[in-house]
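Colleague: the following block contains a protein sequence and its predicted model.
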Amino acid sequence: MSIEFFLILGLGVFLGFFIQTVIGFAGALVALPILLITMSLQDAIAYLALFYLYSSIILISKEWRNVDKKVIIKLIIATIFGVSLGIWVLQYGKPIVLKKMLGAFILLYVMYSIYMKDKAIKNTKLEFVFGLAGGFFSGLFSTGGPLYVIVVRNSVIDMKVFRATMFGVLGLITITRIPILYIQGMLNFSHLYYSLLLLPLFLLAIYLGKKMYLKLNEVLLKRIVLIVLFLSGSMLLLKN
């Protein structure tokens, strides 16, 4: 692994999981465009899957009492099907097309966040559809969080419970995704080795994110995140 590769991996992991810890989702949306500067989409997804495993263990253990377990249970079937389909497309799809899809998805999420704000889509019949789509994009790009937000918002109002439940949803995605990635040959021991080397930096991101969550103006942070996402999404969409 070159120094440049290692630095880009570290930067993406740090920024992504710092944001993830503060607001409960969007870590991959921030990290993935950075990782793709020096690695393939499949490698980037493999690294993100491992770091999501680490973060799920840490964050869910601390926030378990605030997780709405009923929301997690009703998303299990849709998530398993969606993640499996997403990983299949990741394995056999064309990289340039998938990267442009990711750029378009990020820009759509930015527009959704601006125009919908915190409004939930109050239609329980659509929960399976959004869960399936969230699983698909989680398997494909590790970016299904925004779609799961729609489902969780239908059931959860309190921000503390919402944030904890999103950690629980991401944990569900992770325990579904890791075995499938390994079986398909997209996750190997070299990914594990280099992820462990970056574990101190990752833990620092979690620690600082937790501190920032307690202090920072949430509205300001979300605006900053949307600006970063808009720039990264535009770069992926326009770059050949």
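Modeller: Sure, I can see it.

Colleague: from Leu238, how far out is the spatially most central residue of the chain?
Modeller: In the chain, the C-alpha nearest the mean C-alpha coordinate belongs to Ala28, at 3.8 Å (CA atoms, centre = their mean). According to CB to CB, to the nearest Å, Ala28 stands 20 Å off from Leu238. From N, CA and C alone the C-beta is placed, and that goes for glycine too.

Colleague: same question for Gln42.
Modeller: Going from Gln42 to Leu238 by CB to CB gives 22 Å.

Colleague: among these two, which residue is more densely surrounded?
Modeller: Taking other CB atoms under 10 Å, Gln42 and Leu238 do not tie; Gln42 has more neighbours (17 against 9).

Colleague: got the contact list for that one?
Modeller: Contact partners of Gln42, counting by CB atoms under 8 Å, 6 or more residues apart in numbering, are 90-91, 186.

Colleague: which element is it on?
Modeller: Assigned by DSSP states H and E, Gln42 belongs to helix 41-63.

Colleague: flag every buried residue along that helix.
Modeller: 41-56, 58-60, 63 (16 or more other CB atoms under 10 Å).

Colleague: show me where pLDDT drops low in this structure?
Modeller: 1, 24, 95, 116-125, 146, 216-218, 221-222, 224-225, 228, 239-240 (pLDDT under 70).

Colleague: can you pull out the helices in it?
Modeller: For the chain, the helices defined by DSSP state H cover 3-23, 27-35, 41-63, 69-92, 95-116, 127-141, 145-155, 159-183, 189-197, 199-215, 218-238.

Colleague: just want the angle from the first one to helix 189-197.
Modeller: When you say that, I think you mean helix 3-23. Angle of helix 3-23 versus helix 189-197, following axes from the mean of the first three to the mean of the last three CA atoms, to 10 degrees, is 70 degrees.

Colleague: go on, the fourth one?
Modeller: Regarding helix 69-92 and helix 189-197, their directions subtend 130 degrees when assessed with the same axes, to 10 degrees.

Colleague: give the other helices and strands that helix 69-92 contacts.
Modeller: If you count contacts as 3 or more CB pairs under 8 Å, 6 or more residues apart in numbering; DSSP states H and E, helix 69-92 packs onto helix 41-63, helix 127-141, helix 145-155, helix 159-183.

Colleague: Val110 against Leu231, yeah?
Modeller: No. Contact criterion CB atoms under 8 Å: Val110 and Leu231 do not qualify, at 9.9 Å.

Colleague: which one of the two has more residues nearby?
Modeller: Neighbours per residue (other CB under 10 Å) separate Val110 from Leu231, with Val110 holding more: 22 against 13.

Colleague: so who does that one touch?
Modeller: Listed by CB under 8 Å, 6+ apart, the contact partners of Val110 are 226, 229-230, 233.

Colleague: also Ala104?
Modeller: 233, 237.

Colleague: measure it to Phe137 for me?
Modeller: Separation of Ala104 from Phe137 (CB to CB): 12 Å.
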